[in-house]
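Enquirer: got a predicted structure here, sequence first:
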Amino acid sequence: MNYQEFSEITNALFQAVVLESQDDWTFEDWFDCAHEVVDSCAEVIYTANAWDLVSSIRMNSYSLFSDAEDALHDMGLEFPANDIDLHMTSLAYQILFTQVMGMVEAKFYPKEAVA
């Protein structure tokens, strides 16, 4: 996966969230919808896709990778030594979710996020 493919994936996920949106949504509504969309995408549910996404982001945008690792650590998520696939799918989720929510905030400025 290259960075352009990653951008296409995040744009498609963002568009899926926008299609579900309503005018009176709060920040929590955007958050919940983005969670549902990202959590059900192929790059999160299929282990090989998650590995590909995470390794690509680690090489091309280390800060995004590092931010995802930090977020998982801050949430207190611990992964068994024998389940690195769970770690990779969690990293893929966090990377994509962060990007999609950043796009939501940039375009729609949810009320609570601005206040």
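Expert: Cool, got the structure. Numbering: from 1, shown residues only.
Enquirer: show me what contacts Leu13?
Expert: With contacts defined as CB atoms under 8 Å, 6 or more residues apart in numbering, Leu13 is in contact with 34, 37-38, 41, 96, 99-100. For glycine as for every other residue, the C-beta is placed from the backbone atoms N, C-alpha and C.
Enquirer: adding neighbour count, write those residues out as CSV.
Expert: What follows is the contacts of Leu13, written out as CSV (neighbours: other CB atoms under 10 Å):
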residue, neighbour count
Ala34, 23
Val37, 22
Val38, 26
Cys41, 21
Leu96, 26
Gln99, 23
Val100, 26
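Enquirer: among those, which are in helices?
Expert: With helices defined by DSSP state H, the entries of these inside them are 34, 37-38, 96, 99-100.
Enquirer: which two of these have the greatest separation?
Expert: In terms of CB to CB, the ones in helices among the contacts of Leu13 reach their longest pairwise distance at Val37 and Gln99, which sit 11.8 Å apart.
Enquirer: same question for the helix or strand harbouring Glu43, mean pLDDT?
Expert: Element membership for Glu43, per DSSP states H and E: helix 42-45. For helix 42-45, mean pLDDT rounds to 97.
Enquirer: what do you get for stretch 85-99?
Expert: 95.
Enquirer: again with stretch 18-28
Expert: Averaging pLDDT along stretch 18-28 yields 90.
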